[in-house]
Structures are given as structure tokens and as C-alpha cells.
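1. below are the sequence and a predicted model; questions follow.
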Amino acid sequence: MAIIDGQRVNAAVTNAALVSRTQAQTVAGIKTFTDKVIVSDVTESTNKDTGSIVTDGGLGVEKNINAGGNVTAIGT
């Protein structure tokens, strides 16, 4: 038994039920995902500080990158 958002839940609760939240959450530490991560937010990016995914750190990518819109690089 565990308490999540003030609710008692047991091991039968699925991962999808645990991460399907509408309020903001802060997650700390390294997290590993063994399947794809889908972000359904459609916020347009107009600079390095806007968009559906914004990171203060670097980005490492093992394979191809495909962009459906314009690509802008800032820096050297």
C-alpha cells in the first residue's frame, strides 16, 4: 500500500494511472524510460526558453533527429 496525492493505492495501479496528472509536478533524480515518451503539449517554440520541452542542460541524442518545422541554432 502506498499514498499518492493523498490517495491510498496498491500494486495493481498501473504506471499510466500514476503519471496521468493535470497539475504541475516536480520530479528529481535520474529517470530511465524503457519505452518512448510522448508529450502531447503543442506549445510552439519561438526561442530557446519556449516550447513543449525546455531543458537547462544539454541534449544528447544517440540516433537521428527529425524536425517537422524550422531549425534555428544559436551559438558556435
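-> Thanks, I have it. Fair warning: this is a prediction, and the values are worked out from it, not measured in the lab.

2. switch to C-alpha atoms for all contacts and neighbour counts from now on
-> Noted.

3. ok, the residue most central in space within the chain - contacts?
-> Nearest residue to the geometric centre of the chain (Cα atoms, centre = their mean): Val39, 6.2 Å. Taking Cα atoms under 8 Å, 6 or more residues apart in numbering, we find Val39 in contact with Ser52.

4. and it, which helix or strand is it part of?
-> Remark: Val39 resides in no helix or strand, with elements defined by DSSP states H and E.

5. same thing with the one 3 residues further on?
-> Taking DSSP H and E as the criterion, Val42 maps to no regular element, lying outside all helices and strands.

6. just Lys63 next, same as before
-> Secondary structure (DSSP H and E) places Lys63 outside all helices and strands.

7. burial count for it?
-> If you count neighbours by other Cα atoms under 10 Å, Lys63 ends up with 6.

8. over to the one 5 residues further on?
-> The number of residues packed near Gly68 is 5, by other Cα under 10 Å.

9. which pLDDT value goes with the residue nearest to the centre of the chain?
-> pLDDT for Val39: 89.

10. which stretches of this protein have low pLDDT?
-> 1-5, 7-21 (pLDDT under 70).

11. can you show me the strands along it?
-> Applying DSSP state E to the chain gives strands spanning 2-4, 7-9.

12. picking that back up, with Asn64 as the reference, measure out to the residue nearest to the centre of the chain.
-> Separation of Val39 from Asn64 (Cα to Cα, to the nearest Å): 18 Å.

13. same check on Asn70?
-> 16 Å.

14. swap in Ile30?
-> 23 Å.

15. swap in Thr34?
-> 18 Å.

16. next, the buried residues of stretch 33-52.
-> Using 16 or more other Cα atoms under 10 Å as the test for burial, stretch 33-52 gives no buried residues.

17. I'm done for today, thanks for sticking with me.
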